[in-house]
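Q: Predicted model and sequence below, questions to follow.
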Amino acid sequence: MGYPALVNWTAMKKADDGRYIIRDFIDEKQYNISPKLAWFAKQLDGKRNPYEITSSLSDEQVTEYLRCLDEANLLRMSRVIEKNLLGMTVTLWIPKVTDGLRIFSWFANLFIMVLWLPALVLGSYGIMNCGFFDESQLLAGGIFGMLAGIMLHELGHMFAALGYGGRVFELGVSLSLIMPGAYTMIDEKSIKNRFRKMQMYAAGVESNFLLAGVAGFLAMLIEPCEGFLFSFSMANIMLALLNLCFSNGIDGFRILEEMLGTENLFTMAKRVRKSKARRRFLMRKGVTGIASVAACYLLGIFRLLVPVSFVAGLVEVMLCFF
Amino acid sequence: MLFLKKYKKEVLQLTAVIIPLIFSVAAVTFKMYHLLVPAVISIFGIIAIMPVFRRHESLWMFVISAFVFLPENLMLTYYFIREDIYGVVLNEMMGFIVFCMLFSVEQLALGVATRILWRRQCRLSLDF
């Protein structure tokens, strides 16, 4: 991507008056633009020099168009979305959504949804029947398991979202010193059904369990790779369990939000815990109000999860050296 | 006291939660883990029968199961960290992480089942 490109989390629609509406799904803003600017914006793919796209536009006009788009945060210059002292967020893949990909995603999602539990049960049986294995394979298995697990986790989200007719903008990684990870950029509002949304959030974890189950079962069958596959399986189980925790922004918490039917649950719960007036207001609603307050306090436990996990990881790394 | 007087009926209905709690405590105390099955069934039963839980089944399942399965979660957490393989401080942290994982997984499993059983529920409103 050597030249500016239109950000991939937008959609364009022709309005009744002949102008175009360009919608930014991340900032949740929309802009009314002229047909010429809309056409020009569509041509910006990051591979072509914007000044050489057409001869019908003068250099001044192109500069003006680029300035307009840039002011609205609709342009990107590279695959790096965000960069700071602690790390950066990089786009890895922008899927071209076709009907074929949607059909494939629908089947892949169904496959993951139906098979994760039987695979996990079978995998657990395999792990329990493992003999003594070569410990030198454990580290390699853990690392490969983690990498494959992260990849399949994000693909699981993508398959579910596309299978249910949602919008997927991109897949990428966050290379950070504190919390490295991967992400799938999805327009969550494009899926309306609550159960489908819950499945979309759970698909990543289900993929990890599926992978863990398959690796666990293979560990029983392929003796020379037992240690590698055992560790591979365990890495995926850990990944799945961590993703199910009720920490803000993690899959488990999003499923909980859908389950309880509320948005911004983390912030709202924090407000309730901090404000006596809010608590009193809720308690006036009767026993259900008290249950709501209790739920807010229960969620408060999970505030500590990320810092504790981080410190525990750090201590464990330090113990390796001393 | 005023609250108890005002919501006497609802509070009386809430006392039914003692039933799954007894099963749960008995399961851990006497190591009779099959008692967890009636504990889970009785939670669903209570939520289905008592009018106080109506339209807020998921919320109540979240709160009730958090308290009912606390003994199991603590026991399992202790089981995971009892060998002290990480050292004192790290062990406590690992214990906390394991506890959070157990809590989340069981809540999600029960919550999804609750949502499937009772589809029409009121949204949890924490607004002022």
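A: Now that the structure is in, tell me what you want to look at. Numbers count the residues shown, from 1 in each chain, chains lettered A, B, ... in the order given.

Q: alpha carbons only for contacts and neighbour counts from here, please
A: Noted.

Q: and A:L175, what element?
A: strand A:167-176 (DSSP states H and E).

Q: Could you list the buried residues of stretch B:36-47?
A: Within stretch B:36-47, the residues scored as buried using 16 or more other Cα atoms under 10 Å in any protein chain shown are B:L36, B:A39, B:V40, B:S42, B:I43, B:F44, B:I46, B:I47.

Q: same deal with stretch A:182-198?
A: A:A182, A:Y183, A:T184, A:M185, A:I186, A:I191, A:F195, A:K197, A:M198.

Q: May I have the secondary structure class of the first one?
A: Under DSSP: H, G, I helix; E, B strand; the rest coil, the three-state class of A:A182 is strand.

Q: bridging residues for the closest residue to it other than its chain neighbours?
A: Spatial nearest neighbour of A:A182, chain neighbours left out: A:V173 (4.0 Å); criterion: Cα to Cα, 6 or more residues apart in numbering or on different chains. Beta-bridge partners for A:V173, by DSSP bridges, are A:V90, A:A182.

Q: Not counting its neighbours along the chain, what's nearest A:S176?
A: The nearest residue in space to A:S176 (Cα to Cα, 6+ apart) is A:G87, at 4.1 Å.

Q: how near is the one you found to A:I81?
A: Applying Cα to Cα, to the nearest Å, one obtains 11 Å for the distance of A:G87 from A:I81.

Q: Contacts for the helix or strand harbouring A:L239, please.
A: Using DSSP H and E, A:L239 sits in helix A:226-243. Residues from elsewhere that reach helix A:226-243, judged by Cα atoms under 8 Å, 6 or more residues apart in numbering or on different chains: A:127, A:130, A:133-146, A:149-150, A:204-206, A:208-209, A:211-216, A:218-220, A:250-252, B:101, B:105.

Q: Dump it to CSV, restricted to CA.
A: C-alpha atoms of helix A:226-243 as CSV (Å, rounded to 0.1, in the frame of the first residue of the first chain):
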residue,chain,number,x,y,z
GLU,A,226,2.3,-37.0,21.5
GLY,A,227,4.1,-34.2,23.4
PHE,A,228,3.7,-31.7,20.6
LEU,A,229,0.0,-32.4,20.1
PHE,A,230,-0.7,-32.5,23.9
SER,A,231,0.8,-29.1,24.3
PHE,A,232,-1.0,-27.9,21.1
SER,A,233,-4.3,-29.0,22.6
MET,A,234,-3.6,-27.4,26.0
ALA,A,235,-2.7,-24.1,24.4
ASN,A,236,-6.0,-24.0,22.6
ILE,A,237,-8.0,-24.9,25.7
MET,A,238,-6.3,-22.1,27.7
LEU,A,239,-6.9,-19.7,24.8
ALA,A,240,-10.6,-20.6,24.8
LEU,A,241,-11.0,-20.4,28.5
LEU,A,242,-9.3,-17.0,28.7
ASN,A,243,-11.6,-15.7,26.0
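
Q: For that helix, what is the distance to the chain centroid?
A: Offset of helix A:226-243 from its chain centre (Cα atoms, centre = their mean, to the nearest Å): 20 Å.

Q: Equivalent analysis for stretch A:14-31, please.
A: 25 Å.

Q: buried ones in it?
A: Neighbour counts over stretch A:14-31 (16+ other Cα under 10 Å) mark A:R19, A:Y20, A:I21, A:I22, A:R23, A:D24, A:F25 as buried.

Q: what comes into contact with that stretch?
A: By Cα under 8 Å, 6+ apart, stretch A:14-31 touches A:W9, A:T10, A:A11, A:M12, A:K13, A:N32, A:I33, A:S34, A:P35, A:A38, A:L74, A:D187.

Q: Helix or strand for A:E206, just tell me which one.
A: Assigned by DSSP H and E, A:E206 falls in helix A:194-221.

Q: Show me the residue sitting in the middle of chain B in space.
A: Among the residues of chain B, the one closest to the centroid is B:S65, at 1.1 Å (Cα atoms, centre = their mean).

Q: Tell me who's in contact with the residue lying closest to that residue once chain neighbours are set aside.
A: Spatial nearest neighbour of B:S65, excluding adjacent residues (Cα to Cα, 6+ apart): B:Q107 at 7.2 Å. Contacts for B:Q107 (Cα under 8 Å, 6+ apart) come out as B:F62, B:S65, B:A66.

Q: quick one on the thing from earlier: just the buried ones from the contacts of stretch A:14-31, in PyMOL syntax?
A: Entered in PyMOL, the line below selects the buried ones among the contacts of stretch A:14-31, by 16+ other Cα under 10 Å:
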select buried, chain A and resi 9+10+12+33+38+74
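
Q: ok, A:L69 - contacts?
A: Going by Cα under 8 Å, 6+ apart, A:L69 touches A:A41, A:L75.

Q: average pLDDT across the longest helix anywhere in chain B?
A: Of all segments of type helix in chain B, defined using DSSP state H, the longest is helix B:88-117. For helix B:88-117, the mean pLDDT works out to 89.

Q: now B:M50, nearest residue through space, not along the chain?
A: Nearest non-adjacent residue to B:M50 (Cα to Cα, 6+ apart): B:Q13, at 6.4 Å.

Q: Name the SS class of the one you found, please.
A: Using three-state DSSP, the structure places B:Q13 in helix.

Q: Number of residues surrounding it?
A: 15 (other Cα atoms under 10 Å in any protein chain shown).

Q: Would you check that it makes contact with B:V52?
A: Yes - proximity of B:Q13 to B:V52 meets the contact threshold set by Cα atoms under 8 Å, at 7.0 Å.

Q: From what I see, A:A5 and A:N49 are in contact.
A: No - A:A5 is not in contact with A:N49 according to Cα under 8 Å; the separation is 9.9 Å.

Q: The two: who's more crowded?
A: Per other Cα under 10 Å, whichever of A:A5 and A:N49 has more neighbours is A:A5, with 24 against 15.

Q: where does that one land on pLDDT?
A: 91.

Q: ok, what's across the strand from it?
A: Assigned bridge partners for A:A5, using DSSP bridges, are A:D45, A:R76.

Q: For whichever residue of the stretch 1-150 of chain A sits closest to chain B, what are phi and psi?
A: In the stretch 1-150 of chain A, the residue that lies nearest chain B is A:L117 (12.5 Å; Cα to the nearest Cα). A:L117 has phi and psi values of phi -70, psi -50 when expressed as degrees, to the nearest 10.

Q: tell me the contacts of it?
A: If you count contacts by Cα under 8 Å, 6+ apart, then A:L117 has A:F209, A:L210 around it.

Q: and stretch A:304-322 with chain B, contact?
A: Yes - residues of stretch A:304-322 contacting chain B under Cα under 8 Å from any Cα of the partner chain: A:L305, A:V308, A:S309, A:A312, A:V315, A:E316.

Q: Select only the buried ones of those in PyMOL?
A: Buried subset of the residues of stretch A:304-322 next to chain B, written as a PyMOL selection, criterion 16+ other Cα under 10 Å:
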select buried, chain A and resi 305+308+309+312
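
Q: Many thanks, we can stop here.
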